[in-house]
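Asker: When you get a sec, could you give me coordinates for this:
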Amino acid sequence: EIYTLSLHDALPIYELENKTAVLGVIGLGYVGLPLAVEKAKAGFRTVGFDVQGKKVDMVNKGENYIGDVVDEELSDFVQRGLLSATKDFSFVKDLDFIAICVPTPLDVYQQPDISFVRKSAEDVSKYLKKGTLVVLESTTYPGTTEELLLPVLERGSGLTCGEDFFLAFSPERVDPGNKLFKTKNTPKVVGGVNEESTEVAAALYRKVLEGEVFTVSSPKIAEMEKILENTYRNVNIALVNEFTMLAEKMGINMWEVVDAAKTKPYGFQAFYPGPGVGGHCIPLDPFYLTWKAREYDMHMSLVEAAGTVNDAMPFYVVHRVMKILSRRFKKSLNGAKILLLGVAYKRDIDDLRDSPALLIFDALEKEGALVEYYDPFNPTFVRMDGNIQRSIGKLTSSVLNNVDLVLITTDHSTVDYEMVLRESPFVFDTKNATKGFISDTLELL
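Answerer: Numbers count the residues shown, from 1 in each chain. So this is what the prediction gives:
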């Protein structure tokens, strides 16, 4: 095939070298805002788009709302004119590069909801100019870039991909709270709809990021590898969770089992049990694959089974709480005072997306328990019924003395677990936050 545009036609080398290319990011959440900041940090004028006016206003004021973004950097880039935000998609006409980083949730039937991706593509298509590169970063099912984005962009713009503009998929790899790997230094995978698209996308990411840029032969390869990354984790977490349920019946400490197994220098990677799987990726991404597989008359039995195991963990935790109260205190869960330590889905962040702790909170209340929580990163959260739940103000001895059980659902490093063990009637630790402590009033998941 012969394409009209080349790398030099689409995004001249001098525009990259001289930082005159204008870059855009659609969606200013956990993925989009850090990416926009990195583009600005690399010296490119960057425009962020979001439908939420509050986010747009905060960015334009230099006010940060994402944990992985440095407050001072955001403020500095805004003041210097390198970074701005808008709800006006007409600015797309001025862009040389557009990254789409919008949510891809599941609907009530556990099927992919790609309406945000479709709407973004429609908005971009109205103003897309020749030579622009569009990259989808939102995690989705294999085929989305070519089956959804490509026809929407061509139909709306009247341009032809490969002749007038370029299109690629490059999956986000954001791990909120990770101190070692950030957007800047995490390797990037890129797959374009043609070689030129791959080349343009790779060239731009190499200018912006420090991590290796690994190119693949198509968007479908890149889309599938992202699903593999997170399904791999989901399946292995389910495996260790299922082991944990058996280990509890056998009186075996599963945390010690995993620590022993990981001494093997090959063929084993440690995964640990927990109260469920949270965050936007691991609990959701496998469903994109199982949904797409049905188009090919195939069921991903192992993947579906792993989802079933992990989805059941919050309710298994509630069952264990019932057993502890009954066995230790001859007390029913109905009327028991339970204190949850942590509602974020992982330690030392404020991210509540799909947190199993929120399911546990609701399930305990449905059984009649009197539930409160403490989380220094999340002073409030919105309950499923829309009401606001507030954290207790301070974790004190008197608070701990006056509950029947403390349930550790997030292992925040700022909590004094020695004090929690000393002052609580009983502690059920689902995260091994009390590792190293020995107490007859402590039970591990």
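
Asker: By residue count, tell me the biggest helix in the chain.
Answerer: helix 219-250 (DSSP state H).

Asker: buried stuff in that helix?
Answerer: Of all the residues in helix 219-250, those buried under the rule 16 or more other C-beta atoms under 10 Å are 219-220, 222-224, 226-227, 229-231, 233-235, 237-238, 240-245, 247-248. All C-beta spots, glycine's among them, are computed from the backbone N, C-alpha and C.

Asker: Could you do stretch 394-405 as well?
Answerer: 395, 399-400, 403-405.

Asker: Return the member of these nearest to A312.
Answerer: L405 (20.9 Å; C-beta to C-beta).

Asker: The closest one and E295: what is the separation?
Answerer: 47 Å (C-beta to C-beta, to the nearest Å).

Asker: now the chain, which segments are flagged as low pLDDT?
Answerer: 1-14, 16-17 (pLDDT under 70).

Asker: how about 50 then?
Answerer: Along the chain, segments meeting pLDDT under 50 span 1-3.

Asker: Centre-most residue in it?
Answerer: Central residue of the chain (C-alpha atoms, centre = their mean): H280, 3.9 Å from the mean position.

Asker: returning to that earlier point: which members of the buried residues of stretch 394-405 are the farthest-apart pair?
Answerer: Between any two of these, the greatest separation by C-beta to C-beta is 16.3 Å, found for L395 and D404.

Asker: isn't the residue nearest to the centre of the chain right up against K346?
Answerer: No. Contact between H280 and K346 fails when scored by C-beta atoms under 8 Å: they sit 11.7 Å apart.

Asker: all helices of the stretch 251-400 of the chain, in order?
Answerer: Per DSSP state H, counting those that start in this stretch, the stretch 251-400 of the chain carries helices over the ranges 254-261, 285-293, 301-329, 356-366, 397-401.

Asker: Any chance of those helices in JSON lines with distance to E423 as columns?
Answerer: Output for the helices of the stretch 251-400 of the chain, formatted as JSON lines (distance: least, C-beta to C-beta, whole Å):
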{"stretch": "helix 254-261", "distance to E423": "23"}
{"stretch": "helix 285-293", "distance to E423": "40"}
{"stretch": "helix 301-329", "distance to E423": "17"}
{"stretch": "helix 356-366", "distance to E423": "21"}
{"stretch": "helix 397-401", "distance to E423": "4"}
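
Asker: and of the ones you listed, who's closest to N178?
Answerer: helix 285-293 (17.7 Å).

Asker: Give me the helices and strands touching the closest one, please.
Answerer: Contacting helix 285-293 under the criterion 3 or more C-beta pairs under 8 Å, 6 or more residues apart in numbering; DSSP states H and E are the following elements: helix 219-250, helix 301-329.

Asker: Including distance to R155, could the ones you listed go into TSV?
Answerer: Output for the helices and strands packed on helix 285-293, formatted as TSV (distance: least, C-beta to C-beta, whole Å):
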stretch	distance to R155
helix 219-250	18
helix 301-329	34
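
Asker: Spatially, what comes nearest to M224 if we skip its sequence neighbours?
Answerer: Once flanking residues are discounted, M224 sits nearest to P142: 4.5 Å by C-beta to C-beta, 6 or more residues apart in numbering.

Asker: State the distance from the one you found to T290.
Answerer: In terms of C-beta to C-beta, P142 sits 12 Å off from T290.

Asker: again with V135
Answerer: Taken as C-beta to C-beta, the span from V135 to T290 is 26 Å.

Asker: cool, and N236?
Answerer: From N236 to T290 the distance is 17 Å (C-beta to C-beta).

Asker: Kindly report the same for Y141.
Answerer: 10 Å.

Asker: Could you do A336 as well?
Answerer: In terms of C-beta to C-beta, A336 sits 38 Å off from T290.

Asker: repeat for E38
Answerer: E38 is 33 Å from T290, by C-beta to C-beta.

Asker: More neighbours: which of the two?
Answerer: E38 (23 against 20; other C-beta atoms under 10 Å).

Asker: who touches the helix or strand that one falls within?
Answerer: Taking DSSP states H and E as the criterion, E38 maps to helix 32-41. Contact with helix 32-41 is made by 23, 25-26, 28, 46, 48, 50, 59, 65-66, 68-70, 73-74, 77, 82-83, 99, 101-102, 137, 172, 174, 182-184, 208-209, as judged by C-beta atoms under 8 Å, 6 or more residues apart in numbering.

Asker: who does the helix or strand following that helix pair up with?
Answerer: Following helix 32-41 in sequence order, the next helix or strand is strand 45-49 (DSSP H and E). Using DSSP bridges, strand 45-49 pairs in its sheet with strand 22-26 (parallel), strand 83-86 (parallel).

Asker: Could you tell me how far the closest residue to S90 other than its chain neighbours is located from T290?
Answerer: In space, and not counting its chain neighbours, S90 is closest to Y127: 5.7 Å by C-beta to C-beta, 6+ apart. Distance, Y127 to T290, using C-beta to C-beta: 36 Å.

Asker: Run through who's touching stretch 207-220.
Answerer: Under C-beta under 8 Å, 6+ apart, the answer for stretch 207-220 is 16, 23, 38-39, 42, 44, 136, 142-146, 167-169, 183-193, 198, 202, 205-206, 222, 225.

Asker: Among those residues, name the ones in strands.
Answerer: 23, 136, 167-169, 188-192 (DSSP state E).

Asker: Give the burial count for the residue nearest to A261 when sequence neighbours are not counted, as a bare number.
Answerer: The shortest distance from A261 to any non-neighbouring residue, by C-beta to C-beta, 6+ apart, is to F268 (5.6 Å). Residues lying near F268 (other C-beta under 10 Å) number 11.

Asker: In this structure F268 contacts K262, no?
Answerer: Yes. Counting by C-beta under 8 Å, K262 is a contact partner of F268 at 6.2 Å.

Asker: returning to what we had before: which among the strands paired with strand 45-49 is found nearest to T434?
Answerer: Closest among the strands paired with strand 45-49, once you apply C-beta to C-beta, is strand 22-26, at 41.2 Å.

Asker: Output the closest one as CSV, nothing but the C-alphas.
Answerer: Output of strand 22-26 as CSV, limited to C-alpha atoms (Å, rounded to 0.1, in the frame of the first residue of the first chain):
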residue,chain,number,x,y,z
VAL,A,22,0.4,21.4,19.7
LEU,A,23,-0.8,18.4,21.7
GLY,A,24,-4.2,17.6,23.0
VAL,A,25,-5.6,15.2,25.7
ILE,A,26,-9.3,14.3,25.9
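
Asker: Okay, buried residues for it please.
Answerer: Under the neighbour-count criterion of 16+ other C-beta under 10 Å, strand 22-26 has 22-26 buried.

Asker: can you list those residues in CSV and add distance to F91?
Answerer: CSV is the format used below for the buried residues of strand 22-26 (distance: C-beta to C-beta, whole Å):
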residue, distance to F91
V22, 9
L23, 11
G24, 7
V25, 12
I26, 11
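
Asker: between those, which is nearest M300?
Answerer: Checking the buried residues of strand 22-26 against M300 with C-beta to C-beta, the nearest one is I26 at 30.4 Å.
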